[in-house]
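K.L.:
only geometry, no sequence info:
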């Protein structure tokens, strides 16, 4: 799954013509391990009160999280190609008001510490 998510990240960033390749790719293994092997989460009910919460403090690495969320079924994989486009739910930093599966809107490095 990690290879598939990496491919999605590279495709998304190429299509968007901007983004943080290194930061996104460096987060893939941890995100895949958590979402596919350890976390309790439910794509059918993203606000399930019994879910585990994942806070991406390094917000600029969100393409990796978007790719994992799409593979988990939070939204269609085809939506990944809308990264950083006008009116897309998938922007350059996570926004919990727009994207299913995003717990906290983050941006600045370390910002997630204040939520965790």
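P.N.:
Nice, thanks for sending it over. Note that the coordinates shown come from a computational prediction; the quantities given were computed from them, not determined experimentally.
K.L.:
residues contacting residue 38?
P.N.:
The contact partners of residue 38, by CB atoms under 8 Å, 6 or more residues apart in numbering, come to residue 52. C-betas here are computed from N, CA, C, even on glycine.
K.L.:
how about residue 29?
P.N.:
Contacts of residue 29 by CB under 8 Å, 6+ apart are residue 2.
K.L.:
quickly find the element holding it.
P.N.:
Applying DSSP states H and E as the criterion places residue 29 in helix 21-33.
K.L.:
please name the nearest non-neighbouring residue to residue 51.
P.N.:
Of all residues not flanking residue 51 in the chain, residue 41 sits nearest, at 4.9 Å (CB to CB, 6 or more residues apart in numbering).
K.L.:
and residue 63, how far is that from residue 49?
P.N.:
Residue 63 sits 28 Å away from residue 49, going by CB to CB, to the nearest Å.
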